[in-house]
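Participant: Let me see the structure of the following:
(one chain, ligands or ions: 1)
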Amino acid sequence: MANYDVLWTRTSGIQTVAAASLENYGTRLEWRGPSGEIMHDACVDGTLTKKILLPYVNQHVSKIVATDRFADTITLAQQINSDEKIEYKVFDVLKDDITEMEGRFGHIFSICVAQWLVPNSLLLEKYRKMLKPKGQLFIVVLADTPVQQSFHFLAQGARWKDILANQNVFENFSSNPVQDFQTLLANAGFEVDLTAQVTSTIPMENFPDMIDLLWNMYYKYWSDIPPGQQKQFIEDNLTKIGTCTTSIGATYLPDSKSSSSRIT
Ligand SMILES: C[S@@+](CC[C@H](N)C(=O)[O-])C[C@H]1O[C@@H](n2cnc3c(N)ncnc32)[C@H](O)[C@@H]1O
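Facilitator: Okay, the predicted model is just below:
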């Protein structure tokens, strides 16, 4: 599975979103006292950790504990993005015991992953417990991407609702993500300093490949779709996602030939 995550982190523009988020909002981070440890959750192959996060926080921290749930991803990170200040560690933030991490970090960075870590209420509770008192969470969520919109749209329609309605794939931030997310944070015990909504364009150079990648990464329900209906399912998603991306100004238009050729 991990190679899909690596492909995603290298092609989706997440690095650009992360760098812009730090540049625009990182000034709100407070660095108190002697340098301590921070956490970077869902670090994939460590590229973001080493190339973007480390230079930004280097003078303030003694160590970045960079975690991901897949062992092969972490092994790759150790091979290609090692640094004396980074400790890569296999850790499933939703499932693993956090005793060793409790109250440990001055800051936790969670970049473009929480939309997939459901339920967010559990995720945020874990983040809060792993922070030191007065610690800070810097979290970037993809709140309203065309892929998420398509999932929620198809989950309500007659054709796919029996399969999709019970799948916990994306946190649903509704049509008011800022308010929703503030509520989620407050309910998890955070004092919210700032929430902001930014519109970004995430480039998708090879759209059918991106869809294929997303299915393999996160669409746990794929095996629940009868093989005879899978082609229809892809068509419906590409049509919906194509509509969304067109409406937000991307240049992609759905091409049913290329989409169906991927599964025949
Ligand atoms: C799309 S990437 C997130 C973007 C990422 N922050 C980056 O550096 O590009 C998704 C990553 O989240 C990881 N992940 C998904 N669920 C997780 C969990 N429950 N605990 C820890 N990592 C998780 C995956 O293994 C994958 O590497």
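
Participant: could you pull out the helices for the stretch 51-200 of the chain?
Facilitator: Shown for the stretch 51-200 of the chain, the helices assigned by DSSP state H, counting those that start in this stretch span residues 54-57, 71-80, 120-130, 146-156, 161-164, 177-187.

Participant: Can you tell me which residues in this protein are near the ligand?
Facilitator: 5, 8-9, 14, 42-44, 48, 68-70, 73, 92-94, 111-113, 116-117 (CB under 6 Å from any ligand atom). Where C-beta positions appear, they are placed from N, C-alpha and C, glycine not excepted.

Participant: could you redo the last one with a cut-off of 5 Å?
Facilitator: 5, 8-9, 14, 42, 44, 48, 68-70, 92-94, 111-113 (CB under 5 Å from any ligand atom).

Participant: Please, a PyMOL command that selects the buried ones among those?
Facilitator: In PyMOL, this line selects whichever of the residues of the chain next to the ligand come out buried by 16 or more other CB atoms under 10 Å:
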select buried, resi 5+8+9+14+42+44+48+68+69+70+93+111+112+113
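
Participant: which ones among the residues of the chain next to the ligand are found in strands?
Facilitator: Asp68, Ile111 (DSSP state E).

Participant: Would you mind checking which of the residues of the chain next to the ligand is nearest to Met101?
Facilitator: Nearest to Met101 out of the residues of the chain next to the ligand is Val93 (CB to CB; 9.2 Å).

Participant: residues in contact with that closest one?
Facilitator: Applying CB atoms under 8 Å, 6 or more residues apart in numbering to Val93 gives the contacts Asp41, Ala42, Thr67, Arg69, Leu117, Leu123, Lys126, Tyr127.

Participant: remind me which residues of the stretch 1-150 of the chain are low pLDDT?
Facilitator: Where the stretch 1-150 of the chain drops to pLDDT under 70, the residues are 1-4, 7-8, 11-12.

Participant: re the thing from before, taking the contacts of Val93 together, which two end up most distant?
Facilitator: Arg69 and Tyr127, at 15.1 Å, using CB to CB across the contacts of Val93.

Participant: Relative to Gln179, how far out is the spatially closest residue to Asn172 that is not a sequence neighbour?
Facilitator: Of all residues not flanking Asn172 in the chain, His152 sits nearest, at 6.0 Å (CB to CB, 6 or more residues apart in numbering). Relative to Gln179, His152 is positioned 17 Å away (CB to CB, to the nearest Å).
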